[in-house]
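K.L.:
any chance you can model this:
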Amino acid sequence: MADPRDLFDLNGKVACVTGASSGLGRRAAIVLAQAGAKVVGVARRADALQSLCDEVGNTAAAVVADIADRAKIDTLATDIAAPFGSPDIVIHAAGVNTREPADDVTAEGWDQTLALNLSAPFFLSQALVPHMKSNGWGRIVNFASLQTTRAFPGGIAYGATKAGIGQLTRAMAEAWSPHGITANAIGPGFFPTELTQAVFDDPERAQRNAAQTCAGRNGTLEDIDGPILFLCSDASSYVTGQVLMVDGGFTAK
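P.N.:
Next up, the predicted model:
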């Protein structure tokens, strides 16, 4: 019998992680590198990406880009492939939440949110899929949210994109899984990241969120490690089109 630990071995794989400059994206990039993958982090902040590369070492590279710029997607795909070859794994962790109440949503805020949270994961995946098809193996991991199924105040644009991610994930699976490419999403609960800083800056609100979970606490960055590694490895070869909620049971209550 093969060693079950081999199911999680990513040696020989190349991974691309958007939003790798901070938070869960950065954590995902580190975990994949520790599992043996060569990792390309993509974000807009060069200094934060350099910090990631310094921590990971020579198996990490950085691409500074705005992934929401659809006109440059093909160029971006070429840049991502330059350090180690075209990726076998892509994690779409970049995101924005403008937190505009419904009555105050601006066209600019709406378009920015859809471009980064929903359009970019599709068009970047579309550009990277041909390599995965040619190898008969690929992993796409989108980032869903509590707001994929729940409505939060000030989250109408963000929630619309995250609900869209749920269906995008299923549609990607339908289109590409016959070629050995799985498409799944992780739906994080409340984790301490830049995107949720406002929540954690309010201790009372953070505690209310923790009490809403079955586990009785909010997430830590380490809580994402196992789910990320599972969905990016051979361990999940027969799992596709799914949204895995990593929320301590928040959505179960």
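
K.L.:
strand partners of the helix or strand hosting Val90, parallel vs antiparallel please.
P.N.:
Here Val90 is covered by strand 89-92, with elements defined by DSSP states H and E. In the sheet containing strand 89-92, the strands it pairs with under DSSP bridges are strand 14-18 (parallel), strand 138-143 (parallel).

K.L.:
by residue count, which strand of this structure is the longest?
P.N.:
With residue count as the measure and DSSP state E as the assignment, the chain has strand 181-188 as its longest strand.

K.L.:
please work out the average pLDDT along it.
P.N.:
Mean per-residue pLDDT for strand 181-188: 98.

K.L.:
can you check stretch 245-253 too?
P.N.:
Per-region confidence: stretch 245-253 scores 97 on mean pLDDT.

K.L.:
so how far is that stretch off the chain centroid?
P.N.:
The chain centroid and the centroid of stretch 245-253 are separated by 18 Å, computed with Cα atoms, centre = their mean, to the nearest Å.

K.L.:
ditto for stretch 205-225
P.N.:
19 Å.

K.L.:
let me see the contact set for the residue minimising distance to the centre of the chain.
P.N.:
Taking Cα atoms, centre = their mean, the centroid of the chain lies closest to Ala93, which sits 2.9 Å from it. Ala93 is in contact with 17-20, 23-25, 28, 143, counting by Cβ atoms under 8 Å, 6 or more residues apart in numbering. C-beta coordinates here come from the backbone N, C-alpha and C atoms, glycine included.

K.L.:
cool, Ala82 as well?
P.N.:
Applying Cβ under 8 Å, 6+ apart, one finds that Ala82 lies in contact with Ala61.
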